[in-house]
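*Asks:* structure for the following, please:
(one chain, ligands or ions: 2)
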Amino acid sequence: MKILGIESSCDETAAAVVEDGFRVLSSVVNSQIDIHAQYGGVVPEIAARSHIEVINPVIREALTRAQCSWDDIDAIAATYAPGLVGSLLVGTLAARTLAILRNKPLYTIHHVEAHVYANFITESSSSALQLPSKQPEFPLLALIVSGGHTQLVLFHGHGDYELLGQTQDDAVGEAFDKVAKILGLPYPGGPSIAAAAEHGDSEKYHLPKAKLDNPYDFSFSGLKTAVLRAVQHAVGKDFTFPSHELPKLINDVQRADFAASFQRVAVETLVERTLRAYSDFAPRSVVIAGGVAANQELRRQLSVRLPIAIEYAPMQFCTDNAAMIATLGFFHAQYGTPADPYTLDVIPSLSMVNTAWNVAKVL
Ligand code: KG4
Ligand code: ZN
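*Replies:* Ligands and ions are numbered 1, 2, ... in the order given. Okay, here's the model as predicted:
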């Protein structure tokens, strides 16, 4: 069964064809990072307009690369939640129109849940990719770490999961992005902090870890503020000094040490909560998902500290893409119900635990 996936929830326009929920036949991602970098973050209006310009060519390219005609496609899966409303509308409108015109069932996909399904991809027509050797097994513990989410979710089966804990303030990716700004590192902050941290001393600055009542919850805003205060202190300024003027006052050695110290504490926090959930729930598999799952230090620490083997999705499938949407689309096609393409609406702020698919407990 071949599913066409469509993703447009933030600043990536993507389409992919995936067969049987594990074999990627094509995955096309048109990133707007260059457009938004000059503003230091995603500008929603510009994102929506850019999606409109490229959505049709991106879908066509995905079909061409997969060597598929419309007759070969069994269903369409599109992200309808969560994300920027204008961006979501472009992808879902394209999907709705195609579902009607081509007479295909349409499945609505929750973007954050789909990040977890990047780990179910075990084959790809691009042989250069290092993929997991097998699909994860249930019960499955997922650490979801993206620009908008930081959650520990326990999956009992497809479409059947519970939220163990989540961030009480900033998402971890957001913390990477904000700390990068404080240090004068380019957007997106995650990869630039990781790169700067390679040359830094991760023990140089002692930054606090948040203590919370729920052992699976997270908090990153205090850590971000602690970096700001430490930078101000290092350059001899007080908290009234404008933060956007700080990057000019620190040198490259300090920048690398701050990046490494912040990354160590942020990653240790993620790993400690995951280990706690692992020992409390004894899942058969553990996966990480979302853009921050591309972080090598997170991968290294988890591999060293988890008692079971963990396999990672390649970078291309960790950051936003449509292969993960089409992969989850396959399981919706097995166990879920198609949406009505005439009435489908986007839901910009829907938690994955409240999707109809999860609440219905389909398995
Ligand atoms: O999942 P994603 O591509 O988009 C959202 O759905 O949010 O995640 C984007 C986030 C950004 O905050 C970015 O800085 C972060 O993932 N990120 C990283 C790395 N690569 C991307 N964070 C840490 N280390 C990385 N290597
Ligand atoms: Zn994402």
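
*Asks:* for the helix or strand where Arg96 lies, buried residues please.
*Replies:* For Arg96, the host element (DSSP states H and E) is helix 85-102. Neighbour-count burial for helix 85-102 flags 86-96, 98-99 (criterion: 16 or more other C-beta atoms under 10 Å). C-beta coordinates here come from the backbone N, C-alpha and C atoms, glycine included.

*Asks:* chain center to stretch 309-316, what's the gap?
*Replies:* The chain centroid and the centroid of stretch 309-316 are separated by 13 Å under C-alpha atoms, centre = their mean, to the nearest Å.

*Asks:* what mean pLDDT does that stretch have?
*Replies:* In this model, stretch 309-316 has an average pLDDT of 95.

*Asks:* select the longest helix from this structure.
*Replies:* Within the chain, and with DSSP state H defining each element, the longest helix by residue count is helix 252-281.

*Asks:* of the buried residues of helix 85-102, closest to Ala266?
*Replies:* Of all the buried residues of helix 85-102, Ser87 has the smallest distance to Ala266: 26.7 Å, by C-beta to C-beta.

*Asks:* tell me, what's the model's pLDDT at the closest one?
*Replies:* 95.

*Asks:* where along the chain do the helices fall?
*Replies:* Along the chain, the stretches classed as helices by DSSP H are 33-37, 44-65, 85-102, 111-117, 172-183, 189-197, 221-234, 252-281, 296-305, 315-318, 323-335, 356-359.

*Asks:* can I get those in JSON lines with distance to ligand 1?
*Replies:* Compiled in JSON lines, the helices of the chain are given as follows (distance: least, C-beta to the nearest ligand atom, whole Å):
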{"stretch": "helix 33-37", "distance to ligand 1": "10"}
{"stretch": "helix 44-65", "distance to ligand 1": "12"}
{"stretch": "helix 85-102", "distance to ligand 1": "11"}
{"stretch": "helix 111-117", "distance to ligand 1": "6"}
{"stretch": "helix 172-183", "distance to ligand 1": "3"}
{"stretch": "helix 189-197", "distance to ligand 1": "2"}
{"stretch": "helix 221-234", "distance to ligand 1": "12"}
{"stretch": "helix 252-281", "distance to ligand 1": "8"}
{"stretch": "helix 296-305", "distance to ligand 1": "7"}
{"stretch": "helix 315-318", "distance to ligand 1": "7"}
{"stretch": "helix 323-335", "distance to ligand 1": "10"}
{"stretch": "helix 356-359", "distance to ligand 1": "18"}
